[in-house]
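Chemist: Here is my input; please provide its structure:
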Amino acid sequence: MVMIFLELNWWAVLLATFIYFVLGALWFTPLFGKYYDIALGFDRQKDYKWPLIYYVSPFVNSLVVSIATAMLVSLLKIESLAEAVSLGLLVGIGYAGAISFNNAVNPVTPRPLLYGAVTGGYHVVGISLIALVITALR
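Modeler: As a prediction, the model looks like this:
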């Protein structure tokens, strides 16, 4: 496992991280930010300043997901883009999407299904893109 980690294409991992991070910035603001806010019952003001953790945590987590996905691509010997999409959908839906819906079901989330759809959808698309980038640059 350590050897696989050390042999990763780190340029591909960093590119995938950046893509996933930027997708999140687009997904949760201009694309689906309105629905995300509704799901959380959050009234985002136009000049709202997000704290630093709202940038650092998604970047670090994007890096972790990119590394894990790159390791899976290597372990599973994924070579085609079709296999990469299949892996992205499997991990995105089977883990990230399911966890997003599960985390949404709590007493303080006003619209848990909407929250799960927005966040889960982001992870499905994002992890699929990561798998594509990692596979294409192998």
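
Chemist: count of residues packed around Ile134?
Modeler: For Ile134, the neighbour count with other CB atoms under 10 Å is 27. Backbone N, C-alpha and C define where each C-beta goes, glycine included.

Chemist: isn't it right next to Trp10, touching?
Modeler: No. Ile134 lies out of contact with Trp10 (CB atoms under 8 Å); the separation is 10.9 Å.

Chemist: Near Leu31, how many other residues are there?
Modeler: There are 15 residues near Leu31, going by other CB under 10 Å.

Chemist: what do you get for the one 4 residues further on?
Modeler: Other residues lying near Tyr35 total 16 when counted by other CB under 10 Å.

Chemist: Any regions of the chain where pLDDT drops low?
Modeler: By pLDDT under 70, the chain has no low-scoring segment.

Chemist: what about Leu14, how many residues close to it?
Modeler: Residues within reach of Leu14, counting by other CB under 10 Å, total 13.

Chemist: residues in contact with the helix or strand harbouring it?
Modeler: Following DSSP states H and E, the helix or strand that holds Leu14 is helix 10-26. With CB atoms under 8 Å, 6 or more residues apart in numbering as the test, helix 10-26 has contacts from 58-59, 62-63, 65-67, 69-70, 122, 125-127, 129-130, 133-134, 136-138.

Chemist: next one: stretch 70-89
Modeler: So stretch 70-89 is contacted by 1, 4-5, 7-9, 12-13, 16, 69, 91, 124, 127-132, 134-136, 138 (CB under 8 Å, 6+ apart).

Chemist: Tell me where this protein has strands.
Modeler: Here the chain has no strands by DSSP state E.

Chemist: for the longest helix seen in the chain, which positions count as buried?
Modeler: In the chain, assigned by DSSP state H, the helix with the most residues is helix 112-136. Neighbour counts using 16 or more other CB atoms under 10 Å place 112, 114-135 of helix 112-136 among the buried residues.
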